[in-house]
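**Q** Okay, structure incoming, though there's no sequence with it:
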């Protein structure tokens with residue numbers, strides 16, 4: 001787990017390595033990673049990350065399918081790309097499961113509009 005010792009104890013997952021941050025002002029989202037994808041529930045979120053061209057309107061064009069398909073974006077965060085100065089990787093959370101028709105369609109369109117798209121996974125919200 002990438003988590004505190006307390007989170008490791010609470011969720012009974014091993015801490016593989018401590019103090020892995022590369023920024024002293026680090027803030028971490030805690031995740032449990034598994035081999036099997038989690039199936040849809042009545043309340044899910046999906047997390048993705050992507051890279052995009054640094055051009056006016058690009059982010060708008062990438063996220064447009066979410067608005068058109070009625071998918072709520074709950075979080076967006078940009079982080080510097082470690083290998084490319086002045087370029088960013090965008091992390092996004094949306095409501096819905098990646099296997100539902102609307103989210104699957106939006107992800108397909110987003111993938112066509114980005115330099116790369118990685119679906120980190122879908123999971124029960126909350």
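**A** On my side now, so go ahead. These figures come from a predicted structure and were not determined experimentally.
**Q** care to break this structure down by domain?
**A** The record's domain parsing of the chain by automatic domain parsing lists 1-33, 44-124.
**Q** okay, these in a markdown table with mean neighbour count and mean pLDDT next?
**A** All C-beta spots, glycine's among them, are computed from the backbone N, C-alpha and C. What follows is these, written out as a markdown table (neighbours: other C-beta atoms under 10 Å; pLDDT from 0 to 100):
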| stretch | mean neighbour count | mean pLDDT |
| --- | --- | --- |
| domain 1-33 | 10 | 73 |
| domain 44-124 | 16 | 95 |
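**Q** now the longest helix along the chain, how far from the centre of its chain.
**A** Criterion DSSP state H: the longest helix present in the chain is helix 101-113. Averaging C-alpha positions (C-alpha atoms, centre = their mean, to the nearest Å) puts helix 101-113 14 Å from its chain's average.
**Q** now for that helix, which elements pack on it?
**A** Contacts defined by 3 or more C-beta pairs under 8 Å, 6 or more residues apart in numbering; DSSP states H and E place helix 101-113 against strand 44-51, helix 58-68, strand 116-124.
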